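1. Sequence and predicted structure below; questions after.
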Amino acid sequence: MSKSSVSDNIARPAGLGDIPASANSMYGRDPYSVPLDEIDVSQPDLFFSNTMWGFFDRLRKEDPIHYCKDSVQGPYWSVTKYKDIMAVEGDHDTFSSANQITLLQRKGEMSKTVSFIQMDEPEHGNQRRTVQGVVAPTNLAILEPIIRERVGNILDSLPIGETFNWVDRVSIELTTQMLATLFDFPFEERHNLTYWSDVSTTQPGPGALVETDEEQFQILAGECLPAFTKLWNERVNEPPSSDLISMLAHGKTTRNMQPMEFLGNLLLLIVGGNDTTRNSLTGGVLALNQFPDQYQKLRDDVSLIPKLVPEIIRWQTPLSHMSRNATKDTVLGGKQIKKGDLVVMWYVSGNRDEDEIEQPYEFIIDRDKPRHHLSFGFGIHRCMGNRLAEMQLRIAWEGIMKRFSFVEVVGDPVRNHSPIIKGFAELPVRLHAK
C-alpha cells in the first residue's frame, strides 16, 4: 500500500526548540546506533517528532523486556510486545496500580492527588463501579442522538475550501461538548475541561504548557477543584442523577472523598473522557490521507465505518503507555524484576507487534479482527468508556462521509510533546464538498 505525500515524521517547529533534551537524547539518532542499554523510549522529543518507532522495533526484536537505568523519570522496565503486556495487565497481584500509573511523576502537592485507577482491588473496583453507569448501554442509548445532533452541528459549521485546524474545530469541540454532558458541567465554560486535561498530562518544564510543578498544582487545585466542588455541593443536596458528579457525590465509596482524592478522580475522568476520542478523531483523518487507497475503499463502502473505528484507535494508540509497580521479586520474559521496580507497558509498541498483528504498520480499514489491539488496556483497568469512544467516532465518521468527499490534510501535524498522551495540537485540513 502506498502512502500519500503527507508527512508523518516531522522536524520540530521552531516554537518548541527551547525544550531541553536529556543528556542521552534519542532525538534525531539512528535507533541502531545507540547502545541497547542506553535506549530511553520515554523521551518526549521522540513522540513530538513521531520518531520513536525504530526504537520500539529494535526493543521488540532484541530486548522486549528492557531496563532503562537512567531517565528523567528514573529507572524503569519497558514491556514492548503484545503478549508480555497482556501478561502484566492480567496479573494485578504481582503488578500493582497503586501510586504511579504512568511515567509522569507527580511532584510536590500534585503527588497528593489519587484516583481509583491508582488503586488495587477491592478499592479500585468499588469506586469504578460507582461511575460506570455513565457508560452503561442504557445511558449510551440516551447519549447517541445527542452526539449525532452535535456532530451534525459541528460539521455543518465548517468552511468548505478554506484551511483550518481540525483539532480545534472538530476534535476538541466534539469531545469537550461530550465531557460537559457527562459531568453536567456549565456548557459555556466547557473549554476549561480541555485546558485542565492538557495541564494534567503535561510534564512541567521550560516551553511546556506549565513550566513548574507548582504552576500545575495552582491551576488544577485553584481552578479545576473549586469549580467542581461547587457542582458537588449542589448535587449532593439533590436527588441522585446520571451525571458523574452526582454519582460521585452519592456513591457509598466516594461520597466522603478528601479534596485531593476528588481532584485525582476528576482528572482521571476528564482525561479518560477526552483524549481517546479527541486524538483518534484527528489521527483517523491523518491516516486516511497517508493511505489514500483505504480512503477510497471507505468512499466506496461506508458500511466499513464500524471496522474503521477500531483500526483508527489501534493505529493512533492515544494513550501510549501505562505503568505498574512490582509487588514482589518476579521473572518476566526471562528478566529478573525486583520488588518496587516500575514496569511500563508500551501499548504503542504492542499495537505494532508483527507477531500479533498482521502488517501492523499498514492502516487497513477492513481487518478481520479490528478490535485486536491494546489501546483500551486489558483486565480490571480496561478503559471504562471504550464503547462511548467508539460510538462517538462512528457517528463522527458517518457524518463526515455524508457531507464531504475529502478531508484533505494540507500540512504537517503538530504533535503533543508527551510520552503519555499520543495526540495532536494541530492538523491543517481543507474540506471538499460532496
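-> Thanks, I have the structure now.
2. L374 - how many residues pack around it?
-> 26 (other C-beta atoms under 10 Å). All C-beta spots, glycine's among them, are computed from the backbone N, C-alpha and C.
3. no no, E215
-> E215 has 15 nearby residues by other C-beta under 10 Å.
4. I'd assumed P206 was in contact with it.
-> No: between E215 and P206 there is no contact, the gap being 11.9 Å when judged by C-beta atoms under 8 Å.
5. For the stretch 251-400 of the chain, which segments count as helices?
-> Under the criterion DSSP state H, counting those that start in this stretch, helices of the stretch 251-400 of the chain are mapped to 259-290, 292-300, 305-316, 347-350, 386-403.
6. Tabulate those (JSON lines), appending mean pLDDT, mean neighbour count and distance to T80.
-> Below are those laid out as JSON lines (pLDDT from 0 to 100; neighbours: other C-beta atoms under 10 Å; distance: least, C-beta to C-beta, whole Å):
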{"stretch": "helix 259-290", "mean pLDDT": "90", "mean neighbour count": "24", "distance to T80": "21"}
{"stretch": "helix 292-300", "mean pLDDT": "98", "mean neighbour count": "15", "distance to T80": "26"}
{"stretch": "helix 305-316", "mean pLDDT": "98", "mean neighbour count": "23", "distance to T80": "16"}
{"stretch": "helix 347-350", "mean pLDDT": "98", "mean neighbour count": "27", "distance to T80": "4"}
{"stretch": "helix 386-403", "mean pLDDT": "94", "mean neighbour count": "20", "distance to T80": "23"}
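7. can you redo those as TSV with distance to H373?
-> Listed next are those as TSV, based on distance: least, C-beta to C-beta, whole Å:
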stretch	distance to H373
helix 259-290	12
helix 292-300	17
helix 305-316	4
helix 347-350	8
helix 386-403	11
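8. between those, which one is nearest to G411?
-> helix 259-290 (10.9 Å; C-beta to C-beta).
9. Mind checking the helices of the stretch 251-400 of the chain for the one nearest to R58?
-> So among these, helix 347-350 is nearest, using C-beta to C-beta, at 10.5 Å.
10. Excluding chain neighbours, what is closest to V199?
-> I219 (5.2 Å; C-beta to C-beta, 6 or more residues apart in numbering).
11. Kindly report the same for T202.
-> Distance criterion C-beta to C-beta, 6+ apart; nearest residue to T202, sequence neighbours excluded, is L209 at 4.5 Å.
12. Same question for A208.
-> T202 (5.3 Å).
13. Next, the contact list for the one you found, please.
-> T202 makes contact with 208-210, 216, 418, according to C-beta atoms under 8 Å, 6 or more residues apart in numbering.
14. ok now do the spatially closest residue to G284 that is not a sequence neighbour, which residues does it touch?
-> Distances taken as C-beta to C-beta, 6+ apart place I312 nearest to G284, at 3.9 Å, with adjacent residues excluded. Taking C-beta under 8 Å, 6+ apart, we find I312 in contact with 280, 283-284, 287, 393.
15. burial of G423, as a residue count?
-> 27.
16. repeat for Q359
-> For Q359, the tally of surrounding residues (other C-beta under 10 Å) stands at 10.
17. go on, the one 10 residues further on?
-> Other residues within reach of K369, judged by other C-beta under 10 Å, total 10.
18. what do you get for L158?
-> 17.
19. go on, R129?
-> 15.
20. for P35, same thing?
-> The local packing of P35 (other C-beta under 10 Å) involves 7 other residues.
21. so where's the stretch 301-434 of the chain shaky on pLDDT?
-> 380-381 (pLDDT under 70).
22. And the strands in it?
-> 321-326, 330-332, 335-337, 342-346, 404-409, 414-415, 424-426, 428-433 (DSSP state E, counting those that start in this stretch).
23. Past the strand or helix carrying the residue nearest to V199, which element shows up next along the chain?
-> Taking DSSP states H and E as the definition, I219 sits inside helix 213-219. Using DSSP H and E, the helix or strand that follows helix 213-219 towards the C-terminus is helix 225-235.
24. Show me what the next helix or strand after that next one is in contact with.
-> Downstream of helix 225-235, the next assigned helix or strand under DSSP H and E is helix 244-250. By C-beta under 8 Å, 6+ apart, the residues outside helix 244-250 that reach it are 130-131, 133-134, 182-184, 228, 231-232, 235-236, 238, 240, 254-255, 257, 262, 265, 269.
25. And for I154, the neighbour number?
-> 17.
26. so it makes contact with L174?
-> Yes: here I154 reaches L174: they are 5.8 Å apart, a contact under C-beta under 8 Å.
27. Could I get the phi/psi values of L59?
-> Here is the backbone geometry of L59 (degrees, to the nearest 10): phi -60, psi -40.
28. My read is that it contacts R352, right?
-> No: using C-beta under 8 Å, L59 and R352 do not qualify as a contacting pair, with a distance of 11.1 Å.
29. distance of the nearest residue to D84 once chain neighbours are set aside from L298?
-> Take D84 and drop its neighbours on the chain: the residue closest to it by C-beta to C-beta, 6+ apart is G333, 5.5 Å away. The gap separating G333 from L298 is 38 Å, by C-beta to C-beta, to the nearest Å.
30. With E261 instead?
-> 44 Å.
31. one step back: surely the residue nearest to D84 touches I65?
-> Yes: the pair G333 / I65 is scored as a contact, 3.8 Å apart, by C-beta under 8 Å.
32. higher neighbour count, those two?
-> I65 (20 against 17).
33. so the more buried one makes contact with G334?
-> Yes: with contacts counted by C-beta under 8 Å, I65 reaches G334, the gap being 7.2 Å.
34. And stretch 180-198, what's buried?
-> Buried residues in stretch 180-198, counted by 16 or more other C-beta atoms under 10 Å: 180-185, 190, 192-194, 196-198.
35. Same check on stretch 93-104?
-> Buried-residue list, stretch 93-104, by 16+ other C-beta under 10 Å: 94-97, 100-104.
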